[in-house]
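Visitor: Structure of the sequence below:
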Amino acid sequence: MKTIIKTDKAPAPIGPYNQAILAGNTLYVSGQVAINPVTNEVELNGIEAETHLVMNNIKAILEEAAFGFEDVVKTSIFLSDMGTFAQVNQVYGSYFTGNYPARETVQVSVLPKNVNVEISVIAYKA
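Guide: Model (predicted):
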């Protein structure tokens, strides 16, 4: 069974996809970028602030599905500049309590809306 997860506490999709899909016990959260869910505007106020906004958008989607960061088993991080890795990594890590998920981080040539970071997650609950 597949359930669509939607919340107004995270940005609306900017294309033909959903914020997240719950399939059985696994939640697949679409890549999130630094769009303020209240204004629906991109906020590029430095890489740390951008990453916090992305992680808070992910948090809102997780919570809508009754999940938390402790349930995240896999993340994918896309950066426009690998030179920002340390700052993104520090902010990203602050959302977990030591039970870190599997992850990859890659640099890409361009991201939607010309943002600097996009993060997607997969979460699981037994």
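
Visitor: Can you show me the helices along this structure?
Guide: Here the chain has its helices, by DSSP state H, at 47-64, 85-93.

Visitor: Okay, buried residues for the longest one please.
Guide: Burial within helix 47-64, assessed by neighbour count using 16 or more other C-beta atoms under 10 Å, is assigned to 47, 50-62, 64. C-beta: built from backbone N, CA, C; applies to glycine.

Visitor: what's the spacing between the nearest residue to P101 once chain neighbours are set aside and Y124?
Guide: Nearest residue to P101 in three dimensions, chain neighbours excluded: V72, at 4.6 Å (C-beta to C-beta, 6 or more residues apart in numbering). As judged by C-beta to C-beta, to the nearest Å, V72 and Y124 stand 8 Å apart.

Visitor: what about L22, how many neighbours?
Guide: Applying other C-beta atoms under 10 Å, we find 20 residues neighbouring L22.

Visitor: My read is that it contacts T3, right?
Guide: Yes - between L22 and T3 there is a contact under C-beta atoms under 8 Å: 4.2 Å.

Visitor: picking that back up, just the buried residues of helix 47-64 now: which is nearest V88?
Guide: Nearest to V88 among these: T51, at 5.0 Å, using C-beta to C-beta.

Visitor: correct me, but that closest one touches N89?
Guide: No - contact criterion C-beta under 8 Å: T51 and N89 do not qualify, at 9.0 Å.

Visitor: So for V72 and Y124, which sits in the more crowded spot?
Guide: Comparing V72 with Y124 by other C-beta under 10 Å, the one with more neighbours is V72, at 23 against 14.

Visitor: Against A12, how distant is that one?
Guide: On the measure of C-beta to C-beta, V72 and A12 end up 22 Å apart.
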